[in-house]
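Visitor: Let me see the structure of the following:
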Amino acid sequence: MSTISSITYLVLSACQFLILLRYICQTTDVSYYNTVTQSIAKLSGFLIKPFEILGIKINSYVLFVLLYGFTYLKLYLPLLVNNQTYPLDSLTIVSFGYLLRDLINIYWYLIVISAIKSWFNVFVSHPIFNLVDELCEPLYRYARSAIPSISGIDFSPIIILVILQVLEIVFVPRIFNLTSLL
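Guide: Below you'll find the model as predicted:
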């Protein structure tokens, strides 16, 4: 990989990460009064500004399409810089697989951070941990409704981590394998 394609990949990955964080915050309806959420909104606002100028209302669906576009560009532009070719129809499927994998990975780390944070009560008041709790709580509610806590021990993070791992091991490779059908 050349230096230009590495830099292109890094910049597009950072843009995709910001849009992904904004997408997650917007879909889980976290508190905007958290300073970390405000920072995410301001940083990703630079990427969304051209769409707002065009009069496009930024909702979750538009953010997902924009997120998919950044994922597609993250994979396509380094290939273009290196004069490599890849079928565009296959690249659309692979981009969706990478987007799903990135979303699963972010939630994996959020849940691990949330679980480790629950062991230590020192950092409970920090805004980033409040944001992590707000992002994980909708998933915890679904898991708690399926399996309640036993003797005061909450198994919902473990259940969600297992489900995320199964999704990444079983579902994501099948998306990548769809390219062989084209």
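Visitor: Nearest residue to the middle of this protein?
Guide: residue 103 (3.3 Å; CA atoms, centre = their mean).
Visitor: Now do the contacts for it.
Guide: 20, 24 (CB atoms under 8 Å, 6 or more residues apart in numbering). In this view, the C-beta of every residue, glycine as well, is placed from N, C-alpha and C.
Visitor: rerun that using 10 Å as the cut-off
Guide: 20, 23, 24, 67, 164, 167 (CB atoms under 10 Å, 6 or more residues apart in numbering).
Visitor: The second one belongs to a strand?
Guide: No - when the secondary structure is assigned by DSSP: H, G, I helix; E, B strand; the rest coil, residue 23 falls in helix instead of a strand.
Visitor: okay, the closest residue to it other than its chain neighbours: pLDDT?
Guide: Distance criterion CB to CB, 6 or more residues apart in numbering; nearest residue to residue 23, sequence neighbours excluded, is residue 63 at 4.5 Å. With respect to pLDDT, residue 63 scores 92.
Visitor: tell me, how many neighbours does residue 15 end up with?
Guide: 20 (other CB atoms under 10 Å).
Visitor: Verify the stated contact: it with residue 77.
Guide: No - the pair residue 15 / residue 77 is not scored as a contact, 11.4 Å apart, by CB atoms under 10 Å.
Visitor: Which neighbouring elements make contact with the helix or strand the residue nearest to residue 23 falls within?
Guide: For residue 63, the host element (DSSP states H and E) is helix 60-81. Counting by 3 or more CB pairs under 10 Å, 6 or more residues apart in numbering; DSSP states H and E, the packing neighbours recorded for helix 60-81 are helix 3-27, helix 35-53, helix 88-119.
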